[in-house]
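J.: Task: produce atomic coordinates for the following.
(chains A and B)
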Amino acid sequence: MMLFKKKEEVFDPYTVEQCNRCNKDSKRKFKEGDYIFKMTEKCPSCGNGQMMITKIFGEVSK
Amino acid sequence: MDFLGTNLDKLFSSTDNSNPLMWLVWILPIFVFMLYGQRIQLHVTSSEINKGLEKLKLYRDDTRKELIAYVKNTANPSTDPTVFLDRYFEYFTIMPVDMDPNGIIPKIKHIMRTREDSTREQVKSLSPSMSHVQASQVINILEAVTTLNMLYKMVRHFFLTAKKQNNFPLILPLQMMMPFILEEAEALKIAVSAFKQGQPIGDGIGPMIVGKMMLGTEKKTVALETVMSEKDFEGRKLCLLKAEGPAATVGRPADALEKMISENKPDIIVMVDAALKLEGEETGSIAQGFGAAIGGVGTERFQIEEVATKHNIPIYAIVIKQSIKEAITLMKKEIADSSDKVSTQVYDIIKGATKAGQCALVIGVGNTLGVSQ
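T.: Below is the predicted model of the structure:
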């Protein structure tokens, strides 16, 4: 018998990208095909750098 | 109160010990519990275990269906993979005889390697169009479903045996273990979703840290699904080793170390891995220590310890704490956020334990799913 029932947590996956020039980072929802250290697109902020995925993690959905 | 001529207040009066009905009300249950107590307890416990068993069956069936659908949709196999997959779920591994444990490690390694190689070949043969990363994901999901199948069958065996023989003592350890078994089963079920989508899991924190250190260096394959690169750090040479991502693999770091030793002997080894936390410890907390930080059946650890002892190389370890569930499911933010702190600690160890001109080997241990380099 369970004495303490824990509320089930559901995690949403997020991807964090960072520009290799201006170091600006952005967080978005995870897309299939994302992996850590994947070069994605040009930096929308400085326009010169390349965005790279630095982190993929799960956060409790609200 | 007076119902049908009976005074209930008088009937249950605590001061009147001579009432025969009162005597029966108190004495009868004592005899019932003395004679049938264990059976009643068995019945209550059985219904609890049965609920857990139903859950295990559901997890196994759901993950099996998910795997079959995943293989059909992603790999487009020429034949129906259901027969092969169903056969695989029943695969077993017979561990070597341990009456004389001398020389048992190479035997275990040989058996485990046979299983790994055979599984890899069989999964790849399902479809020629299946990529290396997809095949590794299928292998990991297969392992999860096989473990769930084994858990379900073992629990069912003990449960049915206890019921068949009305054996209450046999059911007690099962009742105690059930929450742990269910926790692991639930983790395995959730893990399938991460494996399917190629998301990094908690165990991937070691490869993630070393993968970051590897960025911008030339990588070469040194053992099966294992890559190594070199770079300079404050006059020291760093050799960085991890499984080849973003496939779902742990690589063969011990083989890579053995190969590397013959060409370039490191002065220290630093191993970065995920470790199981104790209840109450914070997820993502970092601990530093000594010895080979690597899990599995123990053959890799044995091999690394052997090489390090033979060549007198100190082994340092940094572990990132997490629960079993966190280790095999989508990496939590707290774990991912610990990477910078761990990197600093790795560099601190290297600075403290080596001098300029020396070589340090850093191994990122763990499943590198969704983590490149």
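
J.: Tell me where chain B has strands.
T.: When secondary structure is read from DSSP state E, chain B shows strands at B:220-223, B:226-233, B:236-243, B:268-276, B:286-290, B:315-322, B:359-364.

J.: Format those strands as CSV; extra columns: mean pLDDT and distance to chain A.
T.: Glycine gets a C-beta too; all of them are placed from N, C-alpha and C. As requested, the strands of chain B are exported to CSV (pLDDT from 0 to 100; distance: least, CB to the nearest CB, whole Å):
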stretch, mean pLDDT, distance to chain A
strand B:220-223, 95, 17
strand B:226-233, 96, 13
strand B:236-243, 96, 11
strand B:268-276, 97, 14
strand B:286-290, 97, 17
strand B:315-322, 98, 12
strand B:359-364, 97, 12
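
J.: So which of those is the most surrounded?
T.: Counting by mean count of other CB atoms under 10 Å in any protein chain shown, strand B:359-364 has the highest mean neighbour count of the strands of chain B, with a mean of 26.

J.: mind listing what it pairs with, with the direction of each?
T.: Within its sheet, strand B:359-364 is paired with strand B:236-243 (parallel), strand B:268-276 (parallel), according to DSSP bridges.

J.: Throw those strands into CSV and include distance to residue B:339, thanks.
T.: Below are these laid out as CSV (distance: least, CB to CB, whole Å):
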stretch, distance to residue B:339
strand B:236-243, 13
strand B:268-276, 10
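
J.: Nearest to residue B:59, out of those strands?
T.: Minimum separation from residue B:59 across these (CB to CB) falls at strand B:268-276, 21.2 Å.

J.: on that earlier part again, put together a markdown table for the strands of chain B, with distance to residue A:9 on each row.
T.: Formatted as a markdown table, the strands of chain B follow (distance: least, CB to CB, whole Å):
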| stretch | distance to residue A:9 |
| --- | --- |
| strand B:220-223 | 38 |
| strand B:226-233 | 34 |
| strand B:236-243 | 29 |
| strand B:268-276 | 19 |
| strand B:286-290 | 23 |
| strand B:315-322 | 14 |
| strand B:359-364 | 28 |
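
J.: out of those strands, which comes closest to residue A:59?
T.: Between residue A:59 and those, the tightest spacing by CB to CB is seen for strand B:315-322, at 15.5 Å.

J.: how distant is that closest one from the center of its chain?
T.: Taking CA atoms, centre = their mean, to the nearest Å, one finds strand B:315-322 lying 17 Å from the centre of the chain it belongs to.

J.: Can you name every helix or strand that that strand contacts?
T.: Packing partners of strand B:315-322 (3 or more CB pairs under 8 Å, 6 or more residues apart in numbering or on different chains; DSSP states H and E): helix B:205-214, strand B:268-276, strand B:286-290, helix B:299-310, helix B:339-353.

J.: Mind putting those into TSV with distance to residue B:76?
T.: Formatted as TSV, those follow (distance: least, CB to CB, whole Å):
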stretch	distance to residue B:76
helix B:205-214	30
strand B:268-276	34
strand B:286-290	44
helix B:299-310	35
helix B:339-353	37
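
J.: Among the ones you listed, show me which one is buried the most.
T.: Comparing the helices and strands packed on strand B:315-322 on average neighbours, where mean count of other CB under 10 Å defines a contact, helix B:205-214 leads with a mean of 28.

J.: ok, residue B:93 - how many residues close by?
T.: Neighbour count for residue B:93, taken as other CB atoms under 10 Å in any protein chain shown: 10.

J.: how close does the closest residue to it other than its chain neighbours sit to residue B:136?
T.: Using CB to CB, 6 or more residues apart in numbering or on different chains and skipping the chain neighbours, the partner closest in space to residue B:93 is residue B:115 (5.7 Å). Using CB to CB, to the nearest Å, we find residue B:115 at a distance of 15 Å from residue B:136.

J.: What residues does chain B have near chain A?
T.: By CB under 8 Å from any CB of the partner chain, the residues of chain B that approach chain A are B:48, B:179, B:197-200, B:208, B:211-212, B:215, B:245-246, B:329-333, B:335-337, B:339, B:370-373.

J.: Is it possible to mark the buried ones in those?
T.: The neighbour-count test (16 or more other CB atoms under 10 Å in any protein chain shown) marks B:197-200, B:208, B:211-212, B:245-246, B:329-333, B:335-336, B:339, B:370-373 as buried among the residues of chain B next to chain A.

J.: Many thanks, we can stop here.
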